[in-house]
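Colleague: Please find the sequence and the predicted model below.
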Amino acid sequence: MPTVTRVFAARLAGLAVFDPNGDHVGRVRDVVVRLRSGGASPQVTGLLAELPMRRQIFLPIGRVTSVEGGSVALSSGVINLRRFQPRPTELLVIGQMLDRRVTTPSGAEARVVDIAMESDRPGLWYLGRVAVQESGGGRGRQKYHRQLRQYEWSELPGLIEPGAVQGTESLLALLEDMRPADLAHTVQELPAERRHALAAALDDERLADLLEELPERQQVEILARLDQERAADVLEEMDADDAADLLAELPPIQRQYLLDLMTPEESAPVRALMDYRQGTAGAIMTSEPVVLTPDMTVADALARIRAPYLSPAIASQVFVTRAPIDTPTGRYLGTAHFQRLLREPPGELLGKVLETDIDPLEPAEPLDEITRRLATYNLVAMAVTDGEGRLVGAVTVDDLLDHLLPADWRLT
């Protein structure tokens, strides 16, 4: 009897892919299978891999020489860089088959948590064992005890029926540790219904992070599928500039309704940003940079920029103003970059370590001028002040790039 090699799909997710020379190609995101007639288990045609530049490509299963040691090895370094597009007869195991509801041979309701790809000869793989979680019997708390069982593919008819009910538990677990940008790229590749179901299952903060990284069209589609109360809650979790950009894509009536549902303290900076003309510093700035007063110390500043929720661009400097420090602030005094902070005694006052020789941006400054100023002074962020010299926000290089790149850059 030939030896059967068995690899469960969920365990492949995230594994590094290497060419014969040991060079890193990308990471596995899914397993691609082709449906067959007569109830036969689908044939594995290849792997969906994500390149370092985030393009998702197809790797034929015949090119895979081994799956061991926490990585996938290829027989050739020559790969097709064309962006993956599934054919009508193809399915993604992780994206489209996990979490489907099935009935086991004993009649129990269960959820698919993993599916194995199996091979008994080189280069030929099929789907085999299916791992499911079914509800246990008994009463009270025992009733909800879940048991993990494995069945052969043939024992679970209807698994790939188009109308099969599909949850999101297993997919959420696989995507839990992804960076928001990587999560967004993976979500873009899911079928629309699967994408919306996953978005609905995320908590508000995680969904806000996801929306900030998606193209505007998909942002609007996902927001439209949420009930209005939850949509407002998610907008509150987003950075004010990202929320303003998203709301600007909505019809005026819906935009105003969502703004009214948001709490006043969360909607106020969003409303302010929406008053600026598109393509200017005021329209792309964040209204929530790190702002401190001159009588605070270097130690205070370092403690503030250590906050894990701050992006690297925001945490690269603190902006110093007279009180109050909520934007629009008191008079803008200058900037203290983190490298300067690291060189100064912790007890030194911020007022003594400021850089004041670079003029701040004006809200009406156009994108090309902002780009020129950032490049001239080798900065990752610049202050934006109004006509009275008050700090109203800061433009960061990541937000600038979002507006300079083509509209569909996230899809390439």
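Modeller: Thanks, I have it. Numbers count the residues shown, from 1 in each chain.

Colleague: Show me the helices in the stretch 251-400 of the chain, by range?
Modeller: 252-261, 264-274, 281-284, 298-305, 338-343, 367-377, 397-404 (DSSP state H, counting those that start in this stretch).

Colleague: And the stretch 1-150 of the chain, by the same measure?
Modeller: 9-12.

Colleague: what's the span of stretch 34-48 from first residue to last?
Modeller: 13 Å (CA to CA, to the nearest Å).

Colleague: Same question for stretch 156-173.
Modeller: 23 Å.

Colleague: List the contacts of it.
Modeller: 10, 35, 39, 42, 91, 94-104, 111-114, 130, 132, 153, 194, 197-198, 201-202 (CB atoms under 8 Å, 6 or more residues apart in numbering). Just so you know, the C-beta spots here come from the backbone N, C-alpha and C atoms, and that holds for glycine as well.

Colleague: now, which of the residues you listed lie within strands?
Modeller: Counting by DSSP state E, the contacts of stretch 156-173 place L91, R101, V102, T103, R111, V112, V113, D114, V130, V132 in strands.

Colleague: can you count the residues close to the closest residue in space to the third one that isn't next to it in sequence?
Modeller: Going back to what we said before, that points to V102. Closest residue to V102 apart from its sequence neighbours, by CB to CB, 6 or more residues apart in numbering: L156 at 5.0 Å. Neighbour count of L156, defined by other CB atoms under 10 Å: 19.

Colleague: isn't A383 right up against D359?
Modeller: No: taking contacts as CB atoms under 8 Å, A383 lies outside contact range of D359: 9.1 Å.

Colleague: These two - which one has more neighbours?
Modeller: A383 (25 against 10).

Colleague: Enumerate every residue touching the more buried one.
Modeller: P289, F319, Y332, T335, P360, L361, L391, G393, A394.

Colleague: who does the last one bridge with?
Modeller: A394 forms beta bridges with T286, A383, as assigned by DSSP bridges.

Colleague: Equivalent analysis for the second one, please.
Modeller: On DSSP bridges, the residues paired with F319 through beta bridges are V291, T335.

Colleague: out of the ones in strands among the contacts of stretch 156-173, who's nearest H185?
Modeller: L91 (19.6 Å; CB to CB).

Colleague: so who does the closest one touch?
Modeller: V32, V33, L35, P42, M97, I160.

Colleague: what does the model give the residue nearest the centre of the chain for pLDDT?
Modeller: Nearest to the mean C-alpha position of the chain, by CA atoms, centre = their mean, lies P180 at 2.4 Å. pLDDT, P180: 86.

Colleague: gap between the residue nearest to V102 and P122?
Modeller: Distance, L156 to P122, using CB to CB, to the nearest Å: 27 Å.

Colleague: Also T385?
Modeller: 67 Å.

Colleague: ok, those two, which is more surrounded?
Modeller: Between T385 and P122, counting by other CB under 10 Å, T385 is the more crowded of the two (22 against 10).

Colleague: from memory the more buried one sits against A364, does it?
Modeller: No: using CB under 8 Å as the test, T385 is too far from A364 to be in contact (11.7 Å).

Colleague: quick one: which of the helices of the stretch 251-400 of the chain is nearest T186?
Modeller: Here helix 397-404 is closest among the helices of the stretch 251-400 of the chain (CB to CB), at 19.5 Å.

Colleague: residues near T356, how many?
Modeller: So T356, with other CB under 10 Å, has 10 neighbours.

Colleague: need the contact list for the closest residue to Y276 other than its chain neighbours.
Modeller: Using CB to CB, 6+ apart and skipping the chain neighbours, the partner closest in space to Y276 is G282 (3.0 Å). Shown in contact with G282 (CB under 8 Å, 6+ apart): L273, D275, Y276, P363, A364, V384, V392, G393.

Colleague: Return the member of those nearest to A323.
Modeller: Nearest member of these to A323, counting by CB to CB, is V392, at 15.7 Å.

Colleague: pretty sure the closest one contacts T327?
Modeller: Yes: contact criterion CB under 8 Å: V392 and T327 qualify, at 5.5 Å.

Colleague: what's the overlap in contacts for those two?
Modeller: By CB under 8 Å, 6+ apart, the residues touching both V392 and T327 are S287.

Colleague: pLDDT score assigned to the residue nearest to V102?
Modeller: So, for L156, pLDDT stands at 87.

Colleague: and it, backbone torsions?
Modeller: phi -120, psi 70 (degrees, to the nearest 10).

Colleague: Nearest residue to D99 in space, please, no chain neighbours.
Modeller: Using CB to CB, 6+ apart, the nearest residue to D99 is G167, at 4.1 Å.

Colleague: Burial check on that neighbour, number of neighbours?
Modeller: Count around G167 with other CB under 10 Å applied: 15.

Colleague: Now do it against R87, distance only.
Modeller: 26 Å.

Colleague: do R373 as well
Modeller: From R373 to R87 the distance is 49 Å (CB to CB).

Colleague: Comparing the two, which residue is more hemmed in?
Modeller: Between R373 and R87, counted using other CB under 10 Å, the more crowded position is R373 (18 against 10).

Colleague: Spatially, what comes nearest to the more buried one if we skip its sequence neighbours?
Modeller: M382 (6.3 Å).

Colleague: What of L310?
Modeller: V290 (7.1 Å).

Colleague: how's the protein carved up into domains?
Modeller: 5-93, 95-112+130-169, 172-275, 291-403 (automatic domain parsing).

Colleague: now the first one, how far from the chain's geometric center?
Modeller: Taking CA atoms, centre = their mean, to the nearest Å, the mean C-alpha location of domain 5-93 is offset from the chain mean by 21 Å.

Colleague: pLDDT and distance to Y257 for the ones in strands among the contacts of stretch 156-173 - can I get that in JSON lines?
Modeller: Shown next, in JSON lines, are the ones in strands among the contacts of stretch 156-173 (pLDDT from 0 to 100; distance: CB to CB, whole Å):
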{"residue": "L91", "pLDDT": "87", "distance to Y257": "39"}
{"residue": "R101", "pLDDT": "87", "distance to Y257": "36"}
{"residue": "V102", "pLDDT": "87", "distance to Y257": "41"}
{"residue": "T103", "pLDDT": "87", "distance to Y257": "43"}
{"residue": "R111", "pLDDT": "89", "distance to Y257": "37"}
{"residue": "V112", "pLDDT": "90", "distance to Y257": "39"}
{"residue": "V113", "pLDDT": "91", "distance to Y257": "40"}
{"residue": "D114", "pLDDT": "92", "distance to Y257": "42"}
{"residue": "V130", "pLDDT": "92", "distance to Y257": "45"}
{"residue": "V132", "pLDDT": "91", "distance to Y257": "43"}
